[in-house]
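Engineer: Pasted the sequence and its predicted model underneath.
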Protein chains: 2
Amino acid sequence: MAATQSLELLIQALRRLPGVGAKSAARMAFHLLQHDRDGAQALSRALAQAVEQVRHCARCHTFTEAEVCAVCLDPERDATRLCVVETPADQAALERTGAFRGLYFVLMGRLSPLDGIGPADIGIQALLDRARDGVVQEVILATNFTAEGEATAHVVSEALRRDGLAVTRLARGVPVGSELEFVDLGTIAHALADRR
Amino acid sequence: MAATQSLELLIQALRRLPGVGAKSAARMAFHLLQHDRDGAQALSRALAQAVEQVRHCARCHTFTEAEVCAVCLDPERDATRLCVVETPADQAALERTGAFRGLYFVLMGRLSPLDGIGPADIGIQALLDRARDGVVQEVILATNFTAEGEATAHVVSEALRRDGLAVTRLARGVPVGSELEFVDLGTIAHALADRR
Ligand SMILES: [Zn+2]
Ligand SMILES: [Zn+2]
């Protein structure tokens, strides 16, 4: 598509977005330059700002702009319950149910041996350190009910039990094979109540 | 998903891309911040540079970084043939066939009465001015073979013929209902040779 270098660079940069191929990238670039230059500038600024500002919470590893996130700092939360999730999106899904008032630990990933993602990559040692603060009484595993999420739950569970911590898992009310982010809130709330 | 303002702004900005909904935008933002911050910075810079540098060729209206684009300035091109296309992507598809050595006029859109896009919006007057330079002998209509592209070709054709210009249309070797950008090169080359 591109007869100009700036346009070619833009199309190549858009292709780094997940799920965006060559044709989609060209259409996005054309749309932005022809119909939404304000949108292109807004996106440029938002990307730069997010890269600059967003980091990981020192306690739970979720995205935050502070040293420690608002949830971790909230004195109203029940610090005896620690819920382990794969991503901030999964954490947000649990928060929307309103059924959990404890704290979180966000793995920012899942075990995936085929992709070379092992226990060290998802920060299991950091989770063990976090869970051994003397306040946490129960660790609730809310990784996805996919093959990789189940494997992650298994490995995390073994490590935590070796440390003498009580470990539970969301009930299987969540349909097997699905990802938390796309499950309806009622099902998630039910699975949380029935954790085993 | 977003517990931070920068992340929320980024997700909203990504949603302005065509074909990107709330879930896709959140996944893109998460991917960039967790796995490809270099990609996020590259995209931020590419967007800013493209908005800054890319404008429309004064002669053919395609995207360019100069006052007049390289194709319009190329003395090797046959200035007696002017090919009218909807978008730079369509122009690129024709260029890839290697079957056309004339010049282009890029409408940067198509007639779409339902969306309120009329003749003035696609620069038909500018096309008439361009085609009446005394050098152009034939205007080849290569708008898409969709309902809107056909309507555009019809209106453009009427206006040009009223001015006494010879007007041809790509042969219907191109499957009806499809868009040029996605047609194989051989079919486009054939349709160009058989123009009527
Ligand atoms: Zn936190
Ligand atoms: Zn030009």
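Structural biologist: Yep, that arrived. Ligands and ions are numbered 1, 2, ... in the order given.
Engineer: now the strands: where do they sit in chain A?
Structural biologist: A:55-56, A:63-64, A:78-85, A:102-106, A:138-141, A:166-169 (DSSP state E).
Engineer: so can I have a markdown table of the ones you listed showing mean pLDDT and mean neighbour count?
Structural biologist: To be clear about C-beta, it is placed using only N, CA and C from the backbone, and glycine gets the same treatment. Below are the strands of chain A laid out as a markdown table (pLDDT from 0 to 100; neighbours: other Cβ atoms under 10 Å in any protein chain shown):
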| stretch | mean pLDDT | mean neighbour count |
| --- | --- | --- |
| strand A:55-56 | 94 | 15 |
| strand A:63-64 | 94 | 26 |
| strand A:78-85 | 95 | 20 |
| strand A:102-106 | 96 | 23 |
| strand A:138-141 | 93 | 20 |
| strand A:166-169 | 92 | 17 |
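Engineer: Of the ones you listed, which is nearest B:Gly164?
Structural biologist: strand A:63-64 (64.4 Å; Cβ to Cβ).
Engineer: Residues in contact with that closest one: which ones?
Structural biologist: A:54-57, A:69-70, A:88, B:2-4, B:7, B:33 (Cβ atoms under 8 Å, 6 or more residues apart in numbering or on different chains).
Engineer: what do you get if the cut-off is 6 Å, keeping everything else the same?
Structural biologist: A:54, A:57, A:88, B:4, B:7 (Cβ atoms under 6 Å, 6 or more residues apart in numbering or on different chains).
Engineer: In helices, which of those appear?
Structural biologist: A:88, B:7 (DSSP state H).
Engineer: returning to that earlier point: of all the strands of chain A, which lies closest to B:Ala92?
Structural biologist: Among the strands of chain A, strand A:63-64 comes nearest to B:Ala92, with 38.5 Å by Cβ to Cβ.
Engineer: mind listing what A:Arg130 touches?
Structural biologist: A:Phe105.
Engineer: Next up, phi/psi of the residue most central in space within chain A, please.
Structural biologist: In chain A, the C-alpha nearest the mean C-alpha coordinate belongs to A:Thr87, at 1.0 Å (Cα atoms, centre = their mean). Recorded main-chain torsions at A:Thr87 are phi -140, psi 160, according to degrees, to the nearest 10.
Engineer: Same list (the contacts of strand A:63-64) but as CSV, adding neighbour count, pLDDT and distance to ligand 1.
Structural biologist: Below are these laid out as CSV (neighbours: other Cβ atoms under 10 Å in any protein chain shown; pLDDT from 0 to 100; distance: Cβ to the ion, whole Å):
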residue, neighbour count, pLDDT, distance to ligand 1
A:Val54, 22, 95, 13
A:Cys57, 24, 95, 3
A:Pro88, 31, 90, 10
B:Thr4, 23, 82, 11
B:Leu7, 24, 93, 14
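Engineer: And the furthest pair within the contacts of strand A:63-64?
Structural biologist: Maximum distance among these (Cβ to Cβ): 12.6 Å, for A:Cys57 and B:Leu7.
Engineer: which residues in chain A form helices?
Structural biologist: Per DSSP H, chain A carries helices over the ranges A:5-14, A:22-35, A:37-53, A:70-73, A:88-97, A:124-131, A:147-162, A:185-193.
Engineer: Mind checking if the first one is in reach of chain B?
Structural biologist: Just to be clear, that refers to helix A:5-14. Yes. Legend: contact between helix A:5-14 and chain B by Cβ under 6 Å from any Cβ of the partner chain is shown at A:6-7, A:9-10, A:13.
Engineer: do you know how far A:Ala131 is from ligand 2?
Structural biologist: 64 Å (Cβ to the ion, to the nearest Å).
Engineer: do A:Glu8 as well
Structural biologist: 17 Å.
Engineer: What's the local residue count around that residue?
Structural biologist: By the criterion of other Cβ atoms under 10 Å in any protein chain shown, A:Glu8 has 16 neighbours.
Engineer: and it, how far is that from A:Thr64?
Structural biologist: 36 Å (Cβ to Cβ, to the nearest Å).
Engineer: now A:Gln91
Structural biologist: Distance of A:Gln91 to A:Thr64, computed by Cβ to Cβ: 11 Å.
Engineer: Close to chain B: what parts of chain A are there?
Structural biologist: Counting by Cβ under 6 Å from any Cβ, the residues of chain A near chain B are A:1, A:4, A:6-7, A:9-10, A:13, A:16-18, A:26, A:28, A:31, A:33-34, A:37, A:39-44, A:46-51, A:53-54, A:63-65, A:88-89, A:92, A:108.
Engineer: Weed out the non-buried ones from these.
Structural biologist: Buried members of the residues of chain A next to chain B, counted by 16 or more other Cβ atoms under 10 Å in any protein chain shown: A:1, A:4, A:6-7, A:9-10, A:13, A:16-17, A:26, A:28, A:31, A:33, A:39-44, A:46-51, A:53-54, A:63-65, A:88-89, A:92, A:108.
Engineer: sorry, back to before: got the helices of chain A as a markdown table, with distance to B:Asp121 columns?
Structural biologist: Converted to a markdown table, the helices of chain A look like this (distance: least, Cβ to Cβ, whole Å):
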| stretch | distance to B:Asp121 |
| --- | --- |
| helix A:5-14 | 22 |
| helix A:22-35 | 11 |
| helix A:37-53 | 17 |
| helix A:70-73 | 47 |
| helix A:88-97 | 40 |
| helix A:124-131 | 57 |
| helix A:147-162 | 50 |
| helix A:185-193 | 45 |
